[in-house]
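S.K.: Need the 3D shape of this:
(chains A and B)
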There are 2 protein chains.
Amino acid sequence: MTEQLVGRIGVESLTRFCIEAMMRVGVSAHDAKITADALVTTETWGVHTHGTKLLPGYIRRLKGGGLCVDNPPTVSSEGPAWALVDGGSSLGQVTSVFAMRKAIEKAKSAGIGYAGVFNSCHYGAAGYYSWLAANEGLIGLSMANDWPTVAAPGSRKAVTGSNPLAFAIPGGEADPIMLDISTGAVAGGKVYAAQKLGKPIPDNWIVGPDGLPTTDLSLFPDQASLQPMAGHKGYGLALLIESLSALLTGAAMTYNVGFWMKDDPSTHTNHGAAFIALDVEAMTSLPNFYGRVESLIQEIHDAPKAKGSERIFLPGEMECDKRRIALQDGIDLPEDVRMVLKEMADLLGLKYEELG
Amino acid sequence: MTEQLVGRIGVESLTRFCIEAMMRVGVSAHDAKITADALVTTETWGVHTHGTKLLPGYIRRLKGGGLCVDNPPTVSSEGPAWALVDGGSSLGQVTSVFAMRKAIEKAKSAGIGYAGVFNSCHYGAAGYYSWLAANEGLIGLSMANDWPTVAAPGSRKAVTGSNPLAFAIPGGEADPIMLDISTGAVAGGKVYAAQKLGKPIPDNWIVGPDGLPTTDLSLFPDQASLQPMAGHKGYGLALLIESLSALLTGAAMTYNVGFWMKDDPSTHTNHGAAFIALDVEAMTSLPNFYGRVESLIQEIHDAPKAKGSERIFLPGEMECDKRRIALQDGIDLPEDVRMVLKEMADLLGLKYEELG
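M.R.: Numbering: from 1, shown residues only, chains lettered A, B, ... in the order given. So this is what the prediction gives:
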């Protein structure tokens, strides 16, 4: 491996690389740019499980035809504060950005806006879309369903997807307060990363084929399922997300959602997703709101620390810190991501070495 | 204690008792009926920590003037799909029902509706309000902030309230899918119930004065705080709830919220809350939606069971089962609730014995 492959990789360079990879399989420059921005922004936050390592899976479906390059998302029906978006099996990122922009547009005229999505695919990091809303001074929420990988309390196999939920609260001069969580005990991506790296996992991540806790990584995902976050709480939230993303939108539900990483790449996955935006400015003045956000942040920073703890982070604060460093010094991609990108580059005839 | 006090108590009888108690301290029949319905419905679900045992605390504030009997909630500002509601320091239930009805009204015209609340008080079970929406064929969400009792990861004392989150998905002929959770590891009410009953608690419920886990119940709430649900996830969700309930509405935040159970009863607590409704019928046909809900329920019921497990429950299913029994046979109130109601009856000159 050359020296360039172990140093930090520039944000622009990585973005260009991703755009080039997608364009090689027929994605328009416009759509490739949107998708690359979502993936690379996620990398800048240090969320490497949901960044560029997803790209080879998308490329596989783009080549197979399960992801379309010429069928852009459209609004299939809408009202004053809502829209249903037919993703047309375009890249999940393209459809999700389109839908979040629609939710923002509705919120700007009605105060709150909901955009529900069907015929989409895996959308990467949920938090990217809520962050888009916060960048425009709106509160954003983002969620999606997926092929089941998470057991319910009392079930032997998976019942829901790891259905992520994200939000972002705009902070004005301050960083947004933002969270992006799986409703499983951990994201499936973390289990795959542990598999790839051969790292052991604790016994509260997955259940084995009898529905009881196990640490045997090799069982996942065929013989094992993720545990839900906080038991019945995560299970319940996963069903809320399933409802807003799929029950209401007409997207596939549970096992009818395609397994984007492993299924026949010529098939459409029909993922669902939901985006909600609230327009702060419709309800209060932005300076007043930002003042209140800053005061909340200050209060939490100033709160007395637990024994052994030096700092209390706001949700998203670590990610924003990492992003500042990444924008300046480049991204320190972990080994598993580098390996995946190198393989993809070889496959597409791209020069991975020029990334450095 | 007479025999009547240990048997099941009829729903109508308990409702009348609560109405009478509130009317004794000046609450209108209209408001007393709304509040009693919220408290007693919660009892029928078996959620005894958030039912009628809250009433003596409300009575104390009603007598002290911190809760007003003649200052009904009003819409302070509104738009096509949103409203901000000034609770006027009326009973939290009265304001919250008013606000959820407003969110429903907005949703029926715009597809989705948000009602944010300030100048409210403790609102009991979050799930009552989302259930109201589901009863009308809408998806409902309900959340509220509260005086801090939950620590953040790394904090020594509480940083957020146990900020509850509830939702309900209408099921047509089927029970609604509904969840009502604290974003703390457990609801504060459960810790108080354990204190009252002298029951031990596990070490993942609270942290002591050093911010580390403890099982010493006597420390709560002055020297101990609840742990957040699933660590940073519950902490993050609590801040989302704080944002929609208070940052956006102008309600008090964190330690500026009154501690309704213990503070001077002449003061207003200025709790915030938020209600969101989505009108299913605006986006799809109700029969189609209900068919999809029923198919989801069936799939979960039919999923293979974990070793040792006999049934997989939908969120809210146990509560709906209990409610059917309660409506037919009465409510089996636990000892701590009975004690509290008896004390209150004595104080107000009500005949608790006639409840049976």
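
S.K.: Setting the sequence-adjacent residues aside, check what's closest to the closest residue to chain B within the stretch 251-356 of chain A.
M.R.: Taking Cβ to the nearest Cβ as the measure, the stretch 251-356 of chain A has A:Ala306 as its residue closest to chain B, at 2.5 Å. C-beta: built from backbone N, CA, C; applies to glycine. Once flanking residues are discounted, A:Ala306 sits nearest to B:Gly211: 2.5 Å by Cβ to Cβ, 6 or more residues apart in numbering or on different chains.

S.K.: And for A:Gly171?
M.R.: Nearest to A:Gly171 is A:Val293, by Cβ to Cβ, 6+ apart, at 4.8 Å.

S.K.: follow-up on the earlier one: please look at the residue nearest to A:Ala306 and A:Lys307 and confirm they touch.
M.R.: Yes: in this structure, B:Gly211 is within contact of A:Lys307 by Cβ atoms under 8 Å, at 5.7 Å.

S.K.: ok, back up a step: so how many other residues sit close to the residue of the stretch 251-356 of chain A closest to chain B?
M.R.: 21 (other Cβ atoms under 10 Å in any protein chain shown).

S.K.: need the contact list for A:Pro287.
M.R.: A:Pro287 makes contacts with A:Gly172, as judged by Cβ atoms under 8 Å, 6 or more residues apart in numbering or on different chains.

S.K.: I misspoke; the intended subject was A:Asn163.
M.R.: Contacts of A:Asn163 by Cβ under 8 Å, 6+ apart are A:143-146, A:150, A:182-184, A:237-238, A:241-242, A:245.

S.K.: which residue sits closest to A:Asn71, ignoring its sequence neighbours?
M.R.: A:Gly88 (3.7 Å).

S.K.: cool, A:Gln227 as well?
M.R.: That would be A:Ala185: by Cβ to Cβ, 6+ apart, it lies 4.2 Å from A:Gln227.

S.K.: The one you found against A:Lys233, yeah?
M.R.: No: using Cβ under 8 Å, A:Ala185 makes no contact with A:Lys233, being 11.1 Å away.

S.K.: Please enumerate the shared neighbours of the two.
M.R.: Residues within reach of A:Ala185 and of A:Lys233 at once, by Cβ under 8 Å, 6+ apart, are B:Ala230.

S.K.: circling back to that earlier point, starting at the chain centroid, how far to whatever helix or strand the residue nearest to A:Gly171 lives in?
M.R.: Using DSSP states H and E, A:Val293 sits within helix A:286-302. In terms of Cα atoms, centre = their mean, to the nearest Å, the centre of helix A:286-302 is found 27 Å from the chain centre.

S.K.: How about stretch A:71-87?
M.R.: 21 Å.

S.K.: ok, now stretch A:294-314?
M.R.: With Cα atoms, centre = their mean, you get 27 Å for stretch A:294-314.

S.K.: With stretch A:108-122 instead?
M.R.: Worked out by Cα atoms, centre = their mean, stretch A:108-122 lies 16 Å from the chain centre.

S.K.: is any part of that stretch close to chain B?
M.R.: Yes: judged by Cβ under 8 Å from any Cβ of the partner chain, stretch A:108-122 and chain B are in contact via A:Ser109, A:Ala110, A:Gly111, A:Ile112, A:Gly113, A:Tyr114, A:Gly116.
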